[in-house]
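Novice: what's the 3D shape of this:
(one chain, ligands or ions: 1)
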Amino acid sequence: MLKKIPLLFVLLLGLISSLSFGTPASADIGVELRNADAFSGKNYYYSSTGYYNNASYSSHRSAFSNAASKMNAVANTSISLHTTSGSKSDPIEINMYSVNSSSYDWYGYANYDTGYATLRINEYVCKNDGFSQSNYNKVALHELGHAYYAVHQHSSVSSVMKQGKYSYTDYTTLDKSNFAYKY
Ligand SMILES: [Zn+2]
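Specialist: Numbering: from 1, shown residues only. Just a heads-up that it's a prediction; the model follows:
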């Protein structure tokens, strides 16, 4: 009898742990990534960032300009962006481009490291999906977020850092709070 109780107890514990370890994937769905969890690193240039808006489509140019001004407007950060075409004294840290290619399946793409970022919007895929200006705006906000090392958020979260076609013209409360934490 004394031997059976611990055995039953162990079996029960085993059942409980398999249940609790079996479900986190679905339990995590929709969780907002906050503060440190919302970033994979930090760029070095945030306090003085020269950006060059090279986008050839006006919808892209407008989206990138909007993204830079919305990033500048995030409260309680040391983030500061200004336009530059690049010089020794005022180099480009973030370069913004348009592409128009069926070779890629993305709306936007960011290559970035701690010292430099290149952001692109792909007109081919955006146009195919009937993008509005606020859809373009969301892509630019998202790619600029990557330059600041923001990671993807779950699709159910209110954030420009989720992937896909959405309408956003500014960073959300969650995004702003995360940038304020990190920068
Ligand atoms: Zn992304």
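
Novice: pLDDT score assigned to Tyr104?
Specialist: Tyr104 carries a pLDDT value of 97.

Novice: Quick check: closest non-adjacent residue to the residue positioned nearest the centre of the chain.
Specialist: The centre of the chain sits closest to Met161, judged by C-alpha atoms, centre = their mean, with a distance of 3.5 Å. Of all residues not flanking Met161 in the chain, Gln153 sits nearest, at 4.4 Å (C-beta to C-beta, 6 or more residues apart in numbering). All C-beta spots, glycine's among them, are computed from the backbone N, C-alpha and C.

Novice: pLDDT at that neighbour, what is it?
Specialist: If you check Gln153, the pLDDT there is 97.

Novice: Tell me which residues touch Lys162, please.
Specialist: His152, Gln153, His154, Ser155 (C-beta atoms under 8 Å, 6 or more residues apart in numbering).

Novice: quick one: secondary structure of it?
Specialist: Recorded secondary structure, Lys162: coil (DSSP: H, G, I helix; E, B strand; the rest coil).

Novice: show me where pLDDT drops low in this structure?
Specialist: 1-29 (pLDDT under 70).

Novice: how about the helices in it?
Specialist: Using DSSP state H, the helices of the chain run over 4-22, 24-27, 58-72, 123-128, 133-147, 173-182.

Novice: thought the residue nearest to the centre of the chain was touching Ala150?
Specialist: Yes: counting by C-beta atoms under 8 Å, Met161 touches Ala150, with 5.1 Å between them.

Novice: who touches both of these two?
Specialist: With C-beta under 8 Å, 6+ apart, Met161 and Ala150 have common neighbours Ala38, Asp175.

Novice: Distance check, the residue nearest to the centre of the chain against Thr49.
Specialist: As for Met161, its distance to Thr49 is 19 Å (criterion: C-beta to C-beta, to the nearest Å).

Novice: With Ser98 instead?
Specialist: 20 Å.

Novice: Neighbour count for the two, which is higher?
Specialist: Set side by side, Ser98 and Thr49 show more neighbours around Thr49, with 22 against 18, by other C-beta atoms under 10 Å.

Novice: Quick check: the gap between that one and Leu81.
Specialist: Taking C-beta to C-beta, one finds Thr49 at 5 Å from Leu81.

Novice: Mutual contacts of the two, please.
Specialist: Ile94.
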